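Chemist: pasting the sequence and the predicted coordinates here, then a few questions.
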Amino acid sequence: MQIDKSSRHQKIIGDLGENLVCNWLSRSGFEVSIVDHTGVDIVAYHPQSKRRFGVTVKSRTRITRLESSPVNLFSYQKGNNDRQKLINACEAFACEPWIAIYIEASMFAELYLTSLKNYDKKFRGKEGKKLEDWKMTDHYRKMYEADPDVLHIRFNFDFHKWNWGCKIKGKPETTGIK
């Protein structure tokens, strides 16, 4: 199926990614709110554990043959330091910094959720680059799938039959929350 993006598609896909993360966290017992703050898109609080997450959400639509393109997480170009913006916002809200990545293509969509700490420990590239990204090659997808600290939902679409399938790995309340 061909993807033809509308002029407002980036806004729509961004809102969808944020709402999917909110739904996932809410269904897992978190109190969640979308916030309009530099560096953080969602603040989530888990009453039982008393933990608070500040989540930055990156959402992208990939056309056919570009599904394995990486998703830019943090830019250090033109005076930006997106990583520091996330950390500063999380300090302001007394949150742990987390990242969420929502990628959709013509036949599937994937949503990943992990802590910044886990990303730094296992997936972050060399420091000093102009961009940090979330790699989407088969190699990295297998690594994410095997990592218990990366939560993952995969949606499979079959528009010819109007079938949608979903596979969920992990629940946010089980990620180190005791």
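Modeler: Happy to help now that I have it. Residues are numbered from 1 along each chain as shown.
Chemist: double-check that residue 64 belongs to a helix.
Modeler: No. Assigned with DSSP: H, G, I helix; E, B strand; the rest coil, residue 64 falls outside any helix and is coil.
Chemist: got the buried residues for stretch 93-110?
Modeler: By neighbour count on 16 or more other C-beta atoms under 10 Å, the buried set for stretch 93-110 is 93, 95-105, 109-110. In short, each C-beta sits where N, CA and C put it, glycine included.
Chemist: nope, stretch 126-136 is what I was after
Modeler: 132-134, 136.
Chemist: so which of those are in strands?
Modeler: 132-134 (DSSP state E).
Chemist: out of all of them, which strand in this protein is the longest?
Modeler: In the chain, with assignment by DSSP E, the single longest strand is strand 51-61.
Chemist: quick one: low-confidence ranges for the chain?
Modeler: Low-confidence segments of the chain (pLDDT under 70): 1-2, 4, 158-166, 171-178.
Chemist: so where's the longest helix in it?
Modeler: The residue-count maximum for a helix in the chain (DSSP state H) belongs to helix 9-27.
Chemist: for the helix or strand following that one, which positions count as buried?
Modeler: Moving toward the C-terminus from helix 9-27, the next helix or strand (DSSP states H and E) is strand 31-37. Residues 32, 34-35 are the ones in strand 31-37 that count as buried (16+ other C-beta under 10 Å).
Chemist: just give me the closest of those residues to residue 67.
Modeler: Nearest to residue 67 among these, counting by C-beta to C-beta, is residue 34 at 26.9 Å.
Chemist: ok, the closest one touching residue 40?
Modeler: No. Checked against C-beta atoms under 8 Å, the pair residue 34 and residue 40 is beyond contact range at 9.8 Å.
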